[in-house]
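Trainee: with the sequence up front, the predicted model follows.
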Amino acid sequence: MRARLQVNESQFRIVAYVALTALTLIVFTGAAVRLSDSGLGCPTWPRCYGHVYPPVALHPLIEFSNRVISGFVGVITVVVAVLAFTRKPFRRDLAWLSLALPFGVVCQAVLGGFTVREKLAPGFVMSHFLLSMVILIFAVWLAWNATHEPGARRRSSDRLMVWAVRVLAVLCAATLAAGTMATAAGPHSGGLVGQHIKRLTFKGADTLEWAVNQHATIAAVFGVLTVLVWMLKRKRVGQLDPLEPLTLMGVMLAAQGLIGAVQYELKLPGQMVWVHVVMATLTWLVTLWAVATEGCLAKRGDPGGNDETIDTIVAEWSQSVPAR
């Protein structure tokens with residue numbers, strides 16, 4: 001069986017990117033569930049109204065379809081984990097990282113169940129989305145490691161550039177967290193009118209405006225610093241590739257700013273909010289890719305150090321773990 005499942009480097013790289021794509025798409029479908037007010041389309045979990053299939057109605061079908069898609073995504077992550085152990089040559093770093101994906105999906109399923117049972121309490125809904133962003137960290141990490149062999153890249157001696165991009169990643173995470181808070185205080189709680197709808201109200205009627213202002217402020221700082229870091233890198237290396245992650249980040253943040261402003265003026269229509277969530281997720285992926293591209297730092301006084309970028313963090317650690 002192990003011989004039949006054996007894959008080479010190229011095949012496993014494709015599988016890793018398939019997993020990354022699947023884990024990204026499930027975020028989009030999950031956002032569609034909430035923004036179509038279908039979050040309680042199936043008010044019980046794991047069954048829907050006590051059955052293994054949903055009633056023939058719009059909102060139950062939308063919510064249950066997302067559960068089914070999540071199941072397929074879970075299968076994909078399990079396949080990736082299995083293939084990581086049958087890959088030739090075997091790499092411990094890929095094996096350890098691949099195990100994080102199905103574990104994350106299981107955690108999402110459990111958290112999703114509690115989210116439904118708690119009638120879409122804001123804390124659970126926010127955690128559900130943010131956990132997806134954490135899982136994407138491991139998915140990007142796995143895809144990057146599968147693309148680059150250990151030792152194929154050199155460590156960076158540009159400490160300012162590396163740390164600047166890492167700061168951008170922290171700001172991106174803060175922007176996402178603030179965005180989930182704004183959504184939790186807004187009109188799209190995920191439930192239909194007449195259902196028990198829970199929203200953030202810790203500042204009363206001003207909660208939404210306060211949350212939006214915090215989100216906008218952090219996003220503005222994130223955008224300005226992205227431009228400054230882009231200018232710094234352009235000064236360092238000269239002409240940048242059109243697909244340079246920092247360039248893509250700048251363009252996407254400008255688009256996000258426009259979408260956010262327009263959707264707020266239009267009283268947060270669900271379709272525009274969904275586009276905003278999709279763009280936010282893609283921006284997170286590009287930010288993670290930017291961190292990976294800049295790589296790890298060489299030791300002080302060793303500008304020619306050997307770099308395996310972020311793959312060395314797991315690769316070096318896993319060398320101390322005995323192989324099975």
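Mentor: Thanks, I have the structure now.

Trainee: the nearest residue to H59 once chain neighbours are set aside in helix, strand or coil?
Mentor: Excluding the flanking residues, the one nearest H59 by Cβ to Cβ, 6 or more residues apart in numbering is G41, at 3.6 Å. All C-beta spots, glycine's among them, are computed from the backbone N, C-alpha and C. Assigned state for G41: coil (three-state reduction, DSSP: H, G, I helix; E, B strand; the rest coil).

Trainee: ok, now which ones touch G41?
Mentor: Contact partners of G41, counting by Cβ atoms under 8 Å, 6 or more residues apart in numbering, are V33, C48, P54, A57, L58, H59, P60, L61, I62, E63, F64.

Trainee: can you name the element that comes right after the helix or strand hosting the last one?
Mentor: What that stands for is F64. Applying DSSP states H and E as the criterion places F64 in helix 58-86. Once helix 58-86 ends, the next helix or strand along the chain (criterion: DSSP H and E) is helix 92-117.

Trainee: next one: that following helix to chain centre, how far?
Mentor: Offset of helix 92-117 from its chain centre (Cα atoms, centre = their mean, to the nearest Å): 13 Å.

Trainee: low-confidence ranges in the stretch 1-150 of the chain?
Mentor: Residue ranges of the stretch 1-150 of the chain with pLDDT under 70: 1-3.

Trainee: how close does T44 sit to P242?
Mentor: According to Cβ to Cβ, to the nearest Å, T44 stands 49 Å off from P242.

Trainee: ditto for A255
Mentor: Applying Cβ to Cβ to A255 and P242 gives a distance of 16 Å.

Trainee: could you check which of those two has the larger neighbour count?
Mentor: A direct count of neighbours by other Cβ atoms under 10 Å for A255 and P242 places A255 higher, at 14 against 7.

Trainee: now for I259: which residues touch it?
Mentor: M272, V275, H276, M279.

Trainee: do that again at 6 Å, thanks
Mentor: H276 (Cβ atoms under 6 Å, 6 or more residues apart in numbering).

Trainee: for the stretch 201-324 of the chain, give me the ranges with low pLDDT.
Mentor: 301-324.

Trainee: rerun at 50
Mentor: Residue ranges of the stretch 201-324 of the chain with pLDDT under 50: 304-318, 320-324.

Trainee: look up how far T180 lies from V33.
Mentor: Separation of V33 from T180 (Cβ to Cβ): 15 Å.

Trainee: how about K267?
Mentor: For K267 relative to T180 (Cβ to Cβ), the value is 19 Å.

Trainee: which of the two has more residues huddled nearby?
Mentor: Higher neighbour count among K267 and T180: T180, with 23 against 8, using other Cβ under 10 Å.

Trainee: done for today, thanks.
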